[in-house]
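Could you work out the structure for the sequence below:
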Amino acid sequence: MDELLAALASSGAATLTGLMLSDAWEQAKEKIVRVIERYHRRGGNPDSLLEESRLRLIAARDEGNPADASDVEREWRLRVAQFMREDATVVQDLIAIAVSMTQSGHRGAHHELRDSTFNGPTAFQFGGTGDQHNTFGV
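As a prediction, this is how the structure comes out:
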């Protein structure tokens with residue numbers, strides 16, 4: 001059960017932090033605050049927790065620091081795991097919000113790689129709708 005809990009918590013945290021960096025964040029945030037309020041029993045303001053995490057993720061992205069982004073996701077993975085100990089449906093709630101954002105026409109984060117050199121087989125996969133657009137050349 002611990003492996004399953006870890007996998008589900010990881011999925012929920014990845015969904016949450018992915019939404020934080022997406023165009024759909026403002027719309028999703030209100031729904032996520034309501035979900036977290038149901039599970040967050042230690043006081044504190046879920047809105048503030050989310051906003052602090054989002055600002056840290058934006059800074060990590062802008063500074064090219066994936067370790068800081070990983071720290072934020074790890075913190076949310078621990079929080080989601082704790083929420084799941086109280087009620088396992090929290091991950092379903094978070095994923096349902098992400099799916100509803102996609103179905104309502106909101107797109108996920110936009111990822112670009114520029115001026116990169118790749119040697120050998122290379123594959124990239126980003127979450128979202130599964131659309132991939134490649135442009136080669138100058």
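
and the top helix by length along the chain, which residues are buried?
As assigned by DSSP state H, the longest helix anywhere in the chain is helix 66-86. Across helix 66-86, burial judged by 16 or more other CB atoms under 10 Å covers Ala69, Val72, Glu73, Trp76, Arg77, Arg79, Val80, Ala81, Phe83, Met84. Where C-beta positions appear, they are placed from N, C-alpha and C, glycine not excepted.

tell me which of those residues is nearest to Ile97?
Val80 (13.0 Å; CB to CB).

residues in contact with the closest one?
Leu8, Ala9, Gly12, Ala13, Leu16, Val90, Val91, Leu94 (CB atoms under 8 Å, 6 or more residues apart in numbering).

Could you check the pLDDT of it?
If you check Val80, the pLDDT there is 85.

Ok, Gly18 next?
For Gly18, the predicted pLDDT is 90.

That one against Ile97, yeah?
No: the pair Gly18 / Ile97 is not scored as a contact, 11.1 Å apart, by CB atoms under 8 Å.

So the two - more neighbours on which side?
For Gly18 versus Ile97, neighbours defined as other CB atoms under 10 Å are more numerous around Ile97 (22 against 19).

pretty sure the more buried one contacts Lys31?
Yes: contact criterion CB under 8 Å: Ile97 and Lys31 qualify, at 4.9 Å.

low pLDDT regions in the protein?
Low-confidence segments of the chain (pLDDT under 70): 1, 40-43, 102-138.

Hmm, Pro66 and Ala60 touching each other?
Yes: between Ala60 and Pro66 there is a contact at 6.9 Å, judged by CB under 8 Å.

farthest pair in the buried residues of helix 66-86?
Longest span within these, CB to CB: Ala69 and Met84, 22.3 Å.

Let me see the contact set for Thr15.
Val91, Leu94, Ile95, Ile97, Ala98.
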